[in-house]
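**Q** show me the folded form of this:
(one chain, ligands or ions: 2)
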Amino acid sequence: MDEKQFTPVNTYEYQALAKSKLPKMIYDYYASGADDQYTLEDNMAGFRRIRLRPRVLVDISVQDISTTLLGISSSFPLIIAPAAMQKMAHPQGEIAVARSAAKNKVIMTLSSLSTYSLEEVAESSPTGPKWFQLYIYKDRLVTRKLVERAEKAGYKALVLTVDAQRLGRREADIHNKFTLPQHLTFGNFKNWTASDDKIRTKKSQGSGIESYFATLMDPSVTWKDIAWLKTITKLPIILKGITTAEDAAKAVESGVAAIIVSNHGARQLDGMLATIDCVEEVVGAVRSLIPVFMDSGVRRGTDIIKALALGAQAVCVGRPILWGLAVSGEDGVDDVINLLRNEFHLGMGLVGCRSVNEIHRRMVKRQNDSCLGVSRSPKYDERLSQPIARL
Ligand SMILES: Cc1cc2nc3c(=O)[nH]c(=O)nc-3n(C[C@H](O)[C@H](O)[C@H](O)COP(=O)(O)O)c2cc1C
Ligand SMILES: CCCCC(=O)C(=O)O
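**A** Numbers count the residues shown, from 1 in each chain. Ligands and ions are numbered 1, 2, ... in the order given. Alright, predicted model coming up:
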């Protein structure tokens, strides 16, 4: 089939098309998980183990799929997850994503390691609500300055990533000797100690992001640093990367505004549970005191329904946005968001829900692995192992 005439109709097809367009080093960086990638596979398989229990004969002629997330209205319960270095996918990078988010009325989370600066992204789409993702640098001044700049530029919350004290080992990046391409820079760190030369290590040294992380990020960060962060900002703090009841309880105690249940798209600790399998435990420990969001493995509108049924208020989506961006910039991001929105809308109707509040626990049932026989559906295998042939 002629690639030019192929229009993807779901996020898996966007991934296949993006793979055919991107240089291998970049596609592999975006797509990879850590180690054997068991958790990468399981993030999606986890959703398939959960099945829907629809109610029928409900009048769904009028549906409202919008919601409010930490006081921000959103066209549906989806948030764009932070993802580093988006100009590698498309020259408009984070700006294309921010414009699309604003147009589609969803929150965008900007990574600290963006290729446009946080100010450029804010100015590109002033009407779109944005959150800013943070890592804690060994040099606290770097983090403090980022926080001040994010506040000044109008970001509405800080998303502190807590599952990356060290960077996970992504073997493809080591093989590819991943580095930020020479024509790109980290937008937020011009003339700073945290500059991009740290990622451009000697070619012989393996993954450039691994050495960037090891050199600059602080592996000694603890709950005390949450208290410190609270002293330097008035913005709500969201912890990204909580997956257990124990840490969820501590997060609530520490006074953060929300939690994102996440395993970082399986890029950090391989062998962890799929995040969808952690949602109920975290929601139980949080006891409705703060909102719980989740990410990792969301690829379908029905995945969003499952996450909400288990108690999440919204999902964040990482890679599918990058695939849309790689395929056709802002239009591709628009299309990915629209596909997920339309799938969610249809799915909500078919389970018999007129509004997001009507999604509840009894709409899902867990099926154990042995009932399914295989952990991945044949359709999924076909899509991802031979994506190009399929086009
Ligand atoms: C290419 C890529 C870059 C990422 N960069 C960041 C980052 O800079 N900060 C962060 O907190 N999470 C980062 N993440 C993790 C995402 O925010 C999110 O947790 C993950 O992508 C969700 O899984 P999904 O891709 O299956 O939707 C990155 C993920 C990917 C795929
Ligand atoms: C140094 C970039 C790290 C970004 C990140 O969090 C990821 O690749 O998962």
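**Q** in a helix, V97, correct?
**A** Yes: assessed by DSSP: H, G, I helix; E, B strand; the rest coil, V97 belongs to a helix.
**Q** isn't it up against I80?
**A** Yes: at 6.3 Å, V97 counts as touching I80 under the criterion of CB atoms under 8 Å. Yep, even glycine has a C-beta here, placed from its N, CA and C like the rest.
**Q** neighbour count: those two, which is higher?
**A** Neighbour count, other CB atoms under 10 Å: between V97 and I80, V97 has more, with 33 against 27.
**Q** which residues are common contacts for V97 and I80?
**A** The contact sets of V97 and I80 overlap at M108, I321 (CB atoms under 8 Å, 6 or more residues apart in numbering).
**Q** host element of the residue in the stretch 151-300 of the chain positioned nearest to ligand 2?
**A** The minimum distance from the stretch 151-300 of the chain to ligand 2, using CB to the nearest ligand atom, falls at I209 (3.9 Å). Using DSSP states H and E, I209 maps to helix 208-216.
**Q** C-terminal to that helix, what's the next element?
**A** By DSSP H and E, the next helix or strand past helix 208-216 is helix 223-232.
**Q** what residue in the stretch 201-350 of the chain comes nearest to ligand 1?
**A** G318 (2.1 Å).
**Q** distance check, that residue against K190.
**A** According to CB to CB, to the nearest Å, G318 and K190 sit 26 Å apart.
**Q** these two: who's more crowded?
**A** G318 (20 against 10).
**Q** neighbours of the residue lying closest to the more buried one once chain neighbours are set aside, how many?
**A** In space, and not counting its chain neighbours, G318 is closest to A81: 4.0 Å by CB to CB, 6 or more residues apart in numbering. By other CB under 10 Å, the residues close to A81 number 28.
**Q** now T244
**A** Counted by other CB under 10 Å, the residues lying close to T244 total 14.
**Q** let me know the pLDDT of it.
**A** T244 carries a pLDDT value of 98.
**Q** surely it meets G284?
**A** No: using CB under 8 Å as the test, T244 is too far from G284 to be in contact (11.0 Å).
**Q** what's the spacing between the closest residue to ligand 2 within the stretch 1-150 of the chain and ligand 1?
**A** Ranking the residues of the stretch 1-150 of the chain by distance to ligand 2 (CB to the nearest ligand atom) places A84 first, at 3.8 Å. According to CB to the nearest ligand atom, to the nearest Å, A84 and ligand 1 sit 4 Å apart.
**Q** now that residue: which helix or strand?
**A** Judged by DSSP H and E, A84 forms part of no helix or strand.
**Q** and it, what is it in contact with?
**A** So A84 contacts S111, S112, L113, S114, I209 (CB under 8 Å, 6+ apart).
**Q** now do the buried residues in the longest helix belonging to the chain.
**A** In the chain, with assignment by DSSP state H, the single longest helix is helix 319-350. Neighbour counts over helix 319-350 (16 or more other CB atoms under 10 Å) mark 319-330, 332-337, 339-341, 343-345, 347-350 as buried.
**Q** check stretch 106-119 too.
**A** Buried residues in stretch 106-119, defined by neighbour count with 16+ other CB under 10 Å: 106-118.
**Q** one more: stretch 164-178?
**A** Buried residues in stretch 164-178, counted by 16+ other CB under 10 Å: A164, Q165, L167, G168, R169, R170, E171, A172, D173, N176, F178.
**Q** just the endpoints, please. Distance across that stretch?
**A** Its first and final residues considered, stretch 164-178 spans 18 Å by CA to CA, to the nearest Å.
**Q** give me the neighbour count for the closest residue to V364 other than its chain neighbours.
**A** For V364, ignoring the flanking residues on the chain, the nearest one in space by CB to CB, 6+ apart is A309 at 4.3 Å. When neighbours are defined as other CB under 10 Å, A309 has 22 of them.
**Q** ok, the one 4 residues further on next?
**A** Burial of Q313, expressed as a neighbour count using other CB under 10 Å, amounts to 21.
**Q** report the contact partners of the residue lying closest to it once chain neighbours are set aside.
**A** Nearest residue to Q313 in three dimensions, chain neighbours excluded: P291, at 4.5 Å (CB to CB, 6+ apart). Applying CB under 8 Å, 6+ apart to P291 gives the contacts L69, L70, A257, A258, I259, Q313, A314.
**Q** cool, and V351?
**A** Remark: with contacts taken as CB under 8 Å, 6+ apart, V351 is in contact with L52, R53, P54, R55, I305, I359, M363.
**Q** one more time with 10 Å, if that's ok
**A** 52-56, 58, 60, 302, 305-306, 309, 358-360, 363-364 (CB atoms under 10 Å, 6 or more residues apart in numbering).
**Q** count of residues packed around the closest residue to R140 other than its chain neighbours?
**A** Nearest residue to R140 in three dimensions, chain neighbours excluded: W228, at 7.7 Å (CB to CB, 6+ apart). Close neighbours of W228, defined as other CB under 10 Å, add up to 14.
**Q** how near is W228 to L216?
**A** 18 Å.
**Q** ok, H264 - contacts?
**A** Here H264 is in contact with 33-34, 39, 81, 161-164, 167-168, 240-241, 272, 275, 295-296, 318 (CB under 10 Å, 6+ apart).
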